[in-house]
Every structure is written in C-alpha cells, then in structure tokens.
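*Asks:* Predicted structure and sequence below. I'll ask about it afterward.
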Amino acid sequence: MEVNEQYAIDNGKEPSAIKQLLMHHGPLTPTEYYLKMDEVMDELAYHAFLKDVDAYITKDVPIQHLIGHEVFYGYAFKVSPDVLIPRFETEELVTHTLDYIDTFFQKEPLRLADVGTGSGCIGLTLKKEHSTLDVTCTDISKKALLIAQENAASLGVQATFAQGSMCEPLGEMDKFDIIVSNPPYLKDKEPVAPIVKDHEPHEALYGGSDGLKYYRELFESVEAMVNPTYMIALEHGYDTAKAIRKLIQKTLKDVTIIQKKDMQGRDRMTFVFKNNKVRISG
C-alpha cells in the first residue's frame, strides 16, 4: 500500500486516490480499511486494484471514472466520460441556493430548473434536500441525461428531464420560480490539465472565446421562462464575476444581484432575485 502511495506522489498524483481505489476493490468501508490493513487482499481484486492504479497514474484516468461515482453533498452520483465530474465548490452553490429558497419564497411547491444538468448533481441534490421542489433537468447531451436519470433513480427522487441547449427545452413548460445552472465557462483556449481535457466532455467545459457564451444565452431567454418572482443561481469562473454582473444589468431589469465567494476566497457564485417586496441580504 505504501509503495503505491509513493508511486502516486512520485508522479504528481494524489496518494488519497490510492486509498479510494483500495477501498473500492476491497470492498471496504473507511473503518474496515484501518481494521483490515494487515489482511491479504483477494488476488483478483488486487490485480484489478493495480490495473486501476496504473490507469490513474500513467493514463490520467480520473479516479471517479475508475470507481464509477463521485460523492456530492453526501450522495453518490454516477459519473462517466459523458458528464462533468461534480466539484466540491458546486456544493457551496447548493447550500446558498437552499438558504435563499427558505428566505426568498413564501410558497410551495416551487418549480426549479437545473439548466445544463450533467450528472444531475445540482438539481437532484436540491430535490433530495428540499423534497417539495418540482425539478426539471435540462442538458444538450442525451447521454448526460441518461446518467442524470440513473442518478435520480438511485437517489429515489422524481424529476423531469428534457434535452436541449440551456433554457431551450423550458419554453413549452409552465413557468419556473428558480433557475440554477453551472454552465460551461472555460475560455476556448484556456489550458486545462490532461486529466480533465482528455476525460471530461468538452461541451461541458468550454463557453466560447470569453467563457460567457452560455450566460448570455441564459440571460437573454430566461425571463420568458420564469414567474414574476424568481431567483437565478449560477456558478461561474472566478475571474468573470464583474462581467457576469454587467451582463445581468444589461439584460435583466429591476433585479437584485448578490455575488458570493467560495471557501477559497474566489468569486464563483452569482444570485439574481426579482421581487421588490422582499429584501435579500448577502
């Protein structure tokens, strides 16, 4: 075990990933991992473990693809090369959204659309945490929607799924109270690590020459999809908060804009509120 961890360190990889792979192939719970460290591993499981260690270190295959899931907000979400792997920063978007739902709205049920849902991690987690929400998940990728549907089934939650770019599938539906989205926001020529570039879908990563293509599309179309009182919750690149604010001010009238930093102190979240009768504080 120590040899494999050092192998990871020597190649600039996370040694904790080796522990995850060992528990996956054990299979072991975290407690069993420590209690059974001196026991001999099944030979077939051990060879499968070594194969995955090599794939992670030499081929940059994400640990989540090898294990088959990522834990997000305490829930296991199936992932594949067809969806973006959920990041821990996005959990903060979910937390703030839940807080603002309780503060901003005085009715139930609320209709929420997760635009560009990918694995479904945002919309389905919000549904899991706030069961009265009526959730619709959209994505341009049929394969991504299939993954999201599997995740909804495994989590035991009900949601509607619709294929299309950004808000496009929402046009024929009843209007929504909440729009939440983590759209592609990398600039087209922005360099990314091979483990991301080679194994995650480009359509979920890149958002045009300035990274704002899908935010423009959302802001220009969203008001036709929402009720008079609405909230929009967004994740975005840490260096685009000012540009996002300007886009909102240009396209959405009489709204309150609150921007939040993530736990790393980076400007990563923007919330938009439309309702002059309710005061929202940061």
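*Replies:* Here it is on my side, so go on. Numbering: from 1, shown residues only.
*Asks:* So which elements touch the lengthiest strand in the chain?
*Replies:* Longest strand in the chain by number of residues (criterion: DSSP state E): strand 226-235. Contact partners of strand 226-235 among helices and strands, from 3 or more C-beta pairs under 8 Å, 6 or more residues apart in numbering; DSSP states H and E: helix 88-104, strand 176-181, strand 267-274. Just so you know, the C-beta spots here come from the backbone N, C-alpha and C atoms, and that holds for glycine as well.
*Asks:* and that strand, which residues are buried?
*Replies:* Neighbour-count burial for strand 226-235, with 16 or more other C-beta atoms under 10 Å as criterion, is recorded at 226, 229-235.
*Asks:* which residues sit against the next helix or strand after it?
*Replies:* Following strand 226-235 in sequence order, the next helix or strand is helix 241-251 (DSSP states H and E). Helix 241-251 has contacts (C-beta atoms under 8 Å, 6 or more residues apart in numbering) with 210, 212, 215-216, 219-220, 234, 236, 255, 257, 259, 267-268, 270, 272.
*Asks:* Let me know the helix or strand that Ala153 is in.
*Replies:* helix 142-155.
*Asks:* Thr138 - that's part of a helix, no?
*Replies:* No: with DSSP: H, G, I helix; E, B strand; the rest coil as the criterion, Thr138 is strand rather than part of a helix.
*Asks:* That one and Gly171: what is the separation?
*Replies:* Distance, Thr138 to Gly171, by C-beta to C-beta, to the nearest Å: 11 Å.
*Asks:* now Pro30
*Replies:* Using C-beta to C-beta, we find Pro30 at a distance of 46 Å from Gly171.
*Asks:* related to what we said a few turns ago, among the contacts of helix 241-251, name the buried ones.
*Replies:* With neighbours counted using 16+ other C-beta under 10 Å, those contain these buried positions: 212, 215-216, 219, 234, 236, 255, 259, 267-268, 270, 272.
*Asks:* Those residues into CSV, with extra columns for pLDDT and distance to Leu145?
*Replies:* CSV is the format used below for the buried ones among the contacts of helix 241-251 (pLDDT from 0 to 100; distance: C-beta to C-beta, whole Å):
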residue, pLDDT, distance to Leu145
Leu212, 96, 25
Tyr215, 97, 22
Arg216, 97, 23
Phe219, 97, 24
Leu234, 98, 21
His236, 97, 23
Val255, 95, 30
Gln259, 97, 30
Asp267, 95, 30
Arg268, 96, 25
Thr270, 98, 25
Val272, 97, 26
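*Asks:* which one of the buried residues of strand 226-235 is nearest Lys175?
*Replies:* Lys175 lies nearest to Val226 out of these, by C-beta to C-beta, at 5.7 Å.
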